[in-house]
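Participant: Predicted model and sequence follow; I will ask about them next.
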Amino acid sequence: MADFDFDYDLLVELTETHGAPGYEDDVRDIVRRELDGEVDRIATDAMGNVVGTIEGDADYSVVVAAHMDEIGFLVRHVDKYGFVEIDALGSWDPQVLRAERVNVRTEDGDLPGVIGSPPPHTGGDEDDERSVHDVRVDVGLPKEEVKDRVSVGDLVTMSQQTEPLGDCVSGKSIDNRVSVFVLLELARRIDDPDVTVHFAATVQEEVGLRGAEAIGVDLDPDLALALDTTVANDLTDYEQWDYVTRLGEGAGIKIKDSSVITNRKVHRRLRDVAEAQNIAYQLEVLPSGGTDTGGLQRSHGALPVGAVSIPTRYLHTPTEVAHGDDIVAAVDLTAAFLESETGDHDYRL
C-alpha cells in the first residue's frame with residue numbers, strides 16, 4: 001500500500017460509510033466525533049448540517065463547507081416478484097449500475113443486494129437504453145419476506161470497499177467524503193485564527209445544494225469556501241477541449257462550474273497563497289455540475305466565494321479515484337489561505 005501522508009484509515013471510514021441525501025446520519029456521527037475537542041463549539045441544525053466553529057478575534061467570519069451526502073437511491077416499490085424498484089437521489093448513469101453490489105437500509109438493519117444484468121446468452125441490446133427507474137435490486141429472498149422487510153423510502157447505496165490504487169485511493173463516495181476528510185484535517189490544523197472559522201459539513205448537495213443554502217442564511221458569513229471533487233478527464237480517449245483537471249497535479253482552484261462563477265479576487269488570492277507556499281495547484285473550469293459554492297454565494301445577499309477542488313476520475317460511479325498528493329495539496333492550500341485571512345482583504349469587485 002502507498003505510504004499516504006494523511007490519516008488513511010479515517011478516509012476509508014468516511015468513504016465506506018453510507019449516507020444518501022437527507023440521510024447522512026452515520027457520516028454526521030463521524031464528523032461530530034472528529035470535531036470534538038478541535039473546535040470551540042459544535043452545532044447541528046434541523047436539516048442535519050454540522051458546524052464546528054473556532055472563534056477568532058476579528059469581527060469577521062469564514063465558512064468552509066464540504067457536503068456529506070453521496071448519490072444513492074430510495075426504494076419506491078417492491079414488485080410482484082420480490083425485486084426492489086428504486087428512485088435516484090442524485091445524478092446516475094444507469095449503465096454503471098450493472099452487476100453492482102448495493103446496501104439496502106431497512107428498519108430492521110441492512111440487507112445486501114445486487115443490481116443484476118441480463119447475461120449475454122439471452123442477446124438483445126435494449127438493456128442499453130434502461131433508465132434508473134428500470135433498475136431492480138435483488139436481495140435474494142422470497143417475495144413475501146422482501147415485502148415484509150423492505151419499505152418504500154428505505155435507502156439504497158453502493159456497497160464498495162475503499163482501496164489504495166497505486167498512489168491513489170479508489171472507492172465509492174470519494175465524492176465528497178474526501179472533502180469532508182479535508183474539512184476535518186483543517187479543523188485539526190487551524191489554531192487561533194484571526195477570524196472566526198465555521199467548518200460546515202453540509203447535507204443534500206447532490207439534490208440541489210440545499211444544505212449549503214440553509215447554512216449561508218443561518219451563519220451569514222463574510223466569506224465562503226467550498227471543498228468538493230471535480231472532474232479529472234485525463235484519460236487517453238478524451239479530447240483536449242474536454243480537459244478539466246489531471247490527477248497528481250495539485251489541488252483545483254475553481255474558476256467556475258454550472259452553479260457559480262467564483263469571486264476573482266478570492267481565486268486570485270488562492271493562487272497567490274499556493275505560489276507563495278509552493279503548493280501544487282491547477283485552475284478548474286468545470287462545464288457541467290454544481291457545488292455548494294453556488295448555494296453559499298446565493299443564499300444571503302452578496303457573498304464572495306471560492307472553492308478548492310480535488311481532481312477525481314470516474315465521478316458518480318462506485319469506483320471513483322483521487323490522488324494522495326492532491327488530497328494533501330487541498331489541505332495545505334486551504335489551511336494556508338485560512339491562516340492568512342485577517343478579515344482585511346477587500347473582495348469587493
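Facilitator: Cool, the structure landed.
Participant: which stretches of this protein have low pLDDT?
Facilitator: Where the chain drops to pLDDT under 70, the residues are 1, 120-130, 133, 238, 240-241.
Participant: make it 80
Facilitator: 1-2, 117-134, 236-242, 299-301 (pLDDT under 80).
Participant: so where do the helices sit in it?
Facilitator: According to DSSP state H, the chain carries its helices in the segments 8-16, 25-35, 143-149, 174-189, 210-219, 264-276, 292-298, 324-339.
Participant: Out of those helices, which gets nearest to Thr162?
Facilitator: Thr162 sits nearest to helix 8-16 of all the helices of the chain, at 4.5 Å, using C-beta to C-beta. C-beta: built from backbone N, CA, C; applies to glycine.
Participant: Show me what that closest one is packed against.
Facilitator: Packing partners of helix 8-16 (3 or more C-beta pairs under 8 Å, 6 or more residues apart in numbering; DSSP states H and E): helix 25-35, strand 168-171, helix 174-189.
Participant: Please identify the most buried of the ones you listed.
Facilitator: helix 174-189 (a mean of 26; mean count of other C-beta atoms under 10 Å).
Participant: how far off helix 25-35 does it point, in degrees?
Facilitator: Put simply, helix 174-189 runs at 20 degrees to helix 25-35, going by axes from the mean of the first three to the mean of the last three C-alpha atoms, to 10 degrees.
Participant: Helix 174-189: how far from the chain's middle?
Facilitator: 10 Å (C-alpha atoms, centre = their mean, to the nearest Å).
Participant: what bridges to Asp228?
Facilitator: Ser309 (DSSP bridges).
Participant: My read is that it contacts Gly306, right?
Facilitator: No - under the criterion of C-beta atoms under 8 Å, Asp228 is not in contact with Gly306, lying 11.7 Å apart.
Participant: Pull up the overlap in contacts between the two.
Facilitator: Thr293 (C-beta atoms under 8 Å, 6 or more residues apart in numbering).
Participant: residue contacts, Met47?
Facilitator: Contacts of Met47 by C-beta under 8 Å, 6+ apart are Val203, Gln204, Arg210, Gly211, Ala214.
Participant: From Glu145, how far out is it?
Facilitator: Separation of Met47 from Glu145 (C-beta to C-beta, to the nearest Å): 35 Å.
Participant: Kindly report the same for Val169.
Facilitator: Between Val169 and Glu145 the distance is 37 Å, computed by C-beta to C-beta.
Participant: Kindly report the same for Arg348.
Facilitator: For Arg348 relative to Glu145 (C-beta to C-beta), the value is 62 Å.
Participant: now swap in Asn233 and tell me
Facilitator: Counting by C-beta to C-beta, the gap from Asn233 to Glu145 is 44 Å.
Participant: and those two? which has more neighbours close in?
Facilitator: Between Asn233 and Glu145, Asn233 has the larger neighbour count (other C-beta atoms under 10 Å), namely 18 against 12.
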